[in-house]
Every structure is written in structure tokens, then in C-alpha cells.
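**Student:** with the sequence up front, the predicted model follows.
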Amino acid sequence: QKLHWKGGGHKNVCRKGGVSATGASGGGDAPLQNPCPICLDSEDDAGNAGMCFSCGQLYCGKCNGSGGGMGRLENCPTCRAIGHVSDQENVRRLRGLLDRPCGRYTPAAQNTLAMCYLHGTGVDQNHAEAVQLYRVAADQGSAIAQIHLGACYKNGTGVDQDHAE
């Protein structure tokens, strides 16, 4: 989007073949594997990344603003879902994401749902369910889930305290 605005409009930029996945500046060292769909400058999971709980689209920390769940965005630019809904609706959407075939969003959705269970946000607090979701997300390579799972073992939250684990 920034490239289109800075480059003199869609027709001029696309006619020249200037759109790439190397970021809006077009001069990055290496192409981005998963550019943020809003700014195209960063990986979509960079920084304090956010996620649409309806479609699973990830957004970089710059575009997410403050907090998770699409931060400052009113509607998801990808699926147009309303971003600011009740905690119960967010949990319903997250469960819906987990019912779909696995994708890049799956560990992020599992981690976010685990946090809901851990803190009782939109669901009854259930530490054992939170640990189970953290474990599944951690096994899929989510560093954040690995950190949260380690904290659960350290503090004995939902599991027996185990400093070795």
C-alpha cells in the first residue's frame, strides 16, 4: 500500500513491476517471506504482532498498535471482520480458527486461546486447558508459547511445579 501511495499510484507502480515482497522501499536485503499485508515493510509476525481472530491474518507490531487482536484496526483489512468485539466472541472466533485446517495462524491462535483460559478472559478460568494449548503451540515452534509453558511449569500453574521441564 505504501509503495502504491509513494510510487505515483497503482497503475504506475504495477505497470513498472515495482511491487515486490521486499517491503515498501523495495530495497531490502532479502525478500520478506510473509510481509505484513498493511505496511509491507515487516514480517507479519514481527514485534508486538496482532492477529484477526476471524480469518487468522497476522499483522506486524507497527500496524497492530497496542495489544493483540488487531490493536488499533477497526476492521480486518483481509476479511473485513469487526475487530473490537466481546471477549466471548473472540474466544468463539479463536475456536473457529482451530477447527480449520492448520495454517501459519494456528500456533498464534492456540497461544491466544491459552491466555484466555489462563486468565479467564471470555471463558471460565482453566489452567490445565491453558497448559495443554500452550504445549500444542510450543510443539509447533511458537516461541511465545514455549515461554508461557515454561512459566507454567516454573510456577506450578495448571501442572505440577517442575523446574527441569
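**Tutor:** Nice, thanks for sending it over.
**Student:** pretty sure H84 sits against N75.
**Tutor:** No - using Cβ atoms under 8 Å, H84 makes no contact with N75, being 9.3 Å away. Yep, even glycine has a C-beta here, placed from its N, CA and C like the rest.
**Student:** now this protein, which segments are flagged as low pLDDT?
**Tutor:** Within the chain, the ranges that satisfy pLDDT under 70 run 1-29, 46-47, 65-73.
**Student:** rerun that using 50 as the cut-off
**Tutor:** Across the chain, the ranges flagged by pLDDT under 50 are 1, 3-5, 7-27, 66-69.
**Student:** for burial, what's the neighbour tally of V131?
**Tutor:** Number of residues near V131 (other Cβ atoms under 10 Å) recorded here: 20.
**Student:** does M115 really touch T121, like I thought?
**Tutor:** Yes - with contact defined as Cβ under 8 Å, M115 reaches T121; the gap is 7.2 Å.
**Student:** more neighbours: the two, which one.
**Tutor:** M115 (18 against 15).
**Student:** contacting residues for that one?
**Tutor:** Residues in contact with M115 (Cβ atoms under 8 Å, 6 or more residues apart in numbering) are T121, A130, H148.
**Student:** any idea how far N90 is from A81?
**Tutor:** 11 Å (Cβ to Cβ, to the nearest Å).
**Student:** identify the contacts common to these two.
**Tutor:** F53.
**Student:** quick one: which of those two has more around it?
**Tutor:** Between N90 and A81, counted using other Cβ under 10 Å, N90 has the larger neighbour count: 22 against 15.
**Student:** neighbours of the residue lying closest to the more buried one once chain neighbours are set aside, just the number please.
**Tutor:** Nearest non-adjacent residue to N90, counting by Cβ to Cβ, 6 or more residues apart in numbering: F53, 5.2 Å away. Look at F53: counted by other Cβ under 10 Å, it has 28 neighbours.
**Student:** I144 now?
**Tutor:** Using other Cβ under 10 Å: I144 sits among 18 other residues.
**Student:** buried residues, the helix or strand harbouring it. List them.
**Tutor:** Take DSSP states H and E as the rule and I144 turns out to sit in helix 143-155. By 16 or more other Cβ atoms under 10 Å, the buried positions in helix 143-155 come out as I144, A145, Q146, H148, L149, C152, Y153.
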